[in-house]
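Q: Sequence first, predicted coordinates after that:
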Amino acid sequence: MPVTRSEWVYEKLKEVILSGEMAPGERLVVDQLARELGTSPIPVREAVRRLEAEGWVENTPFVGARVAPVRVEELEELFTIRLALEPILARTAVRGVTEEDVERLQRLVDEMDQCIEQNNTAQYSRLNYEFHRSLYELSPWKELFRIVITVWERSARSRWIFVQTPDSMPTSQEEHRAMVQALRKRDAEELERLMRRQKERAFASYIRRIGSFASQLDSHDGTDAILEPSE
């Protein structure tokens, strides 16, 4: 848990960026954020500087801080790494899994169903993250887990795309339910297959959506504030 005000503000701002509640290109006005968070401007400035150092925020002279653009080529590379590694974590997750673990994942799936009913895409995105992290954490391959989480964090901007495409949630839920069943049966090969299939579908959809957003934005000013090619 965050122990300082600056840490708390940092975690709050990072979450709204990764969840898509603050879109790529959106400005971060320190005084306004301080009022919304009920704090002084100092911890907000510290948090923004930290987010800038990590690449989530960009600061332009005479313009100020903004949420960093989504860079398409970088996401493609990160997705390729994840597609290779996440199914392995899923396969090894069945080793030593308990019924309590399975029920915890089932509860997350049930909560995501409620999000669909309420059309709460941001909360669904958070629970989806928690579902996959909880599943991967069951794997005894802790070094692989650390690698995946590091790559996952770098590609977390894809959650912004997910929030913009709520039509994909029912399909994801069908996949999640099948994963829970495979885990309940300790069927490692099936769980690996399901995870690979979901990642292939989701990543291909993300890339298509990015291209679609770029096309829609070409006719508007400030396109590069949302989507940019990697340098």
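A: Nice, thanks for sending it over.
Q: got the contact list for residue 47?
A: 6, 9-10, 13 (C-beta atoms under 8 Å, 6 or more residues apart in numbering). No exception for glycine: its C-beta is placed from N, CA and C like everyone else's.
Q: Out of the residues you listed, give me the one that has the most neighbours.
A: Counting neighbours by other C-beta atoms under 10 Å, the top entry in the contacts of residue 47 is residue 9, with 25 neighbours.
Q: Looking at the chain, which helix is longest?
A: In the chain, with assignment by DSSP state H, the single longest helix is helix 188-217.
Q: any idea where the strands of this structure begin and end?
A: Assignment of strands within the chain using DSSP state E yields the ranges 57-60, 64-67, 70-71, 227-228.
Q: and of these, who's closest to residue 113?
A: Set against residue 113 and scored by C-beta to C-beta, those come closest in strand 70-71, at 28.4 Å.
Q: From the chain's centroid, how far away is the closest one?
A: 14 Å (C-alpha atoms, centre = their mean, to the nearest Å).
Q: and what of stretch 138-153?
A: Counting by C-alpha atoms, centre = their mean, stretch 138-153 comes out at 15 Å from the chain centroid.
Q: Identify the residues contacting that stretch?
A: For stretch 138-153, contacts defined as C-beta under 8 Å, 6+ apart pick out 78, 81-82, 85-86, 88-90, 92-97, 101, 133, 136-137.
Q: now those: which count as buried?
A: Among the contacts of stretch 138-153, those classed as buried by 16 or more other C-beta atoms under 10 Å are 78, 81-82, 85-86, 88-90, 92-94, 97, 101, 136.
Q: Can you list the buried residues in stretch 190-202?
A: Buried residues in stretch 190-202 (16+ other C-beta under 10 Å): 190-196, 198-199, 202.
Q: Isn't residue 111 up against residue 126?
A: No - between residue 111 and residue 126 there is no contact under C-beta atoms under 8 Å: 9.9 Å.
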